[in-house]
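Enquirer: A structural model of the following input is requested.
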Amino acid sequence: MFEEYTKVAIETAKKAGKILQEGFGSSFKISSKEGKNNLVTEYDNRSEEFIIENLRKHFPEFSFLAEESGKTENGNKCEFVWVIDPLDGTVNYAHNLPIFSVSIALTKQKEILCGVIYNPMLDELFVAEKGKGSYLNSAKLSVSLCDDLDSSFLVTGFPYNIDTNPGHCVDQFVQMLKRGIPVRRLGSAALDLAYVAAGRFDGFWEINLNPWDVAAGVLLVQEAGGLVTQYNKEPYWISDNNILATNGLIHDQLSETLIACYLEINNGN
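Expert: Have a look, this model is predicted:
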């Protein structure tokens, strides 16, 4: 059913997940990157090293964009790029909270060809390939049918510089709470998006994410029938500053709420 690159991404994500699972709860080295509470563990690095090695073995001409090692190119600049988060949810992992994932996507210019997100603690494998739908452990996924924002179940996240309230993200979050909307913060954007694709959440929004946080999840949502844009409903690409992903039915309502909050505060200043 799937192309060879998707099959290899699945195999690689599952093996990387095994590495993370074996390290979970053990004693390991933790260090900090730029930003408050922006952690990296030795298992981030072990997972990434394995992923790159395994993908390169099968597709030696492809390039990589990975969280810990950055962008690498093989010879000439290749239009095929693996976008990798070896451990999405590092802070959770470092505190023995079993909410984290491996995320692998393959892009070609401005197109996501496949996306794989694996939660090793629950053995949940989310897979999407362009034009072929989204799946959880081989079962086809569809987004939820909720069409009322006030009845929705949402998920969000916050950047490491949340203390500066970039883009009024704190105010937007508070606005949702004031409307009585249940909002969760899991700590893994990849899983947030996978759960929107699975219909577990009706919508997700966040600012200042990186391509490796979202690449696989964006395709999962789209292939499950959902919609992904920027807050203002402009087309979204994985390098854009903000992301709004929903079941499509509440998209306009959530977009309007986010934008209205931003404008209200700016006009008030």
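Enquirer: where do the helices sit along the stretch 51-200 of the chain?
Expert: Remark: helices assigned in the stretch 51-200 of the chain by DSSP state H, counting those that start in this stretch are 90-94, 169-178, 189-197.
Enquirer: Highest mean neighbour count out of those?
Expert: Most buried of the helices of the stretch 51-200 of the chain, by mean neighbour count (mean count of other CB atoms under 10 Å): helix 189-197, with a mean of 30. (Glycine included, C-beta is placed from N, CA and C.)
Enquirer: Just the CA atoms of that one, as CSV, please.
Expert: The C-alpha coordinates for helix 189-197 follow below in CSV (Å, rounded to 0.1, in the frame of the first residue of the first chain):
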residue,chain,number,x,y,z
ALA,A,189,3.1,19.0,19.3
ALA,A,190,3.5,15.9,17.2
LEU,A,191,1.1,14.0,19.4
ASP,A,192,-1.2,17.0,19.5
LEU,A,193,-1.5,16.9,15.7
ALA,A,194,-1.8,13.1,15.6
TYR,A,195,-4.7,13.3,18.1
VAL,A,196,-6.5,15.9,16.0
ALA,A,197,-6.2,13.5,13.1
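Enquirer: And the contacts of that helix?
Expert: Helix 189-197 is contacted from outside by 85, 88-89, 99-101, 103, 117, 119, 124, 126, 128, 134, 136, 141, 143, 155-157, 186, 201-204, 206, 209, 213-214, 216-218, 220-221, 223-224, 226, 245-247, using CB atoms under 8 Å, 6 or more residues apart in numbering.
Enquirer: what about 6 Å?
Expert: By CB atoms under 6 Å, 6 or more residues apart in numbering, the residues outside helix 189-197 that reach it are 88, 101, 103, 117, 126, 134, 141, 155, 157, 186, 201, 204, 209, 213-214, 217, 220-221, 224, 245.
Enquirer: quick revisit: any chance of the helices of the stretch 51-200 of the chain in CSV with distance to Lys108 and mean pLDDT as columns?
Expert: Converted to CSV, the helices of the stretch 51-200 of the chain look like this (distance: least, CB to CB, whole Å; pLDDT from 0 to 100):
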stretch, distance to Lys108, mean pLDDT
helix 90-94, 28, 93
helix 169-178, 31, 92
helix 189-197, 20, 98
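Enquirer: for those helices, which one sits closest to Glu61?
Expert: Glu61 sits nearest to helix 189-197 of all the helices of the stretch 51-200 of the chain, at 25.9 Å, using CB to CB.
Enquirer: helix or strand right after that closest one?
Expert: With elements assigned by DSSP states H and E, the helix or strand that comes after helix 189-197 is strand 203-207.
Enquirer: which intervals of the stretch 151-269 of the chain have sub-threshold pLDDT?
Expert: Scanning the stretch 151-269 of the chain for pLDDT under 70 picks out 267-269.
Enquirer: As a check, name the ranges of all strands in it.
Expert: 154-156, 183-184, 203-207, 227-229, 242-246 (DSSP state E, counting those that start in this stretch).
Enquirer: so how far is the second one off the chain centroid?
Expert: What it means is strand 183-184. Put simply, strand 183-184 sits 16 Å off its chain's centre (CA atoms, centre = their mean, to the nearest Å).
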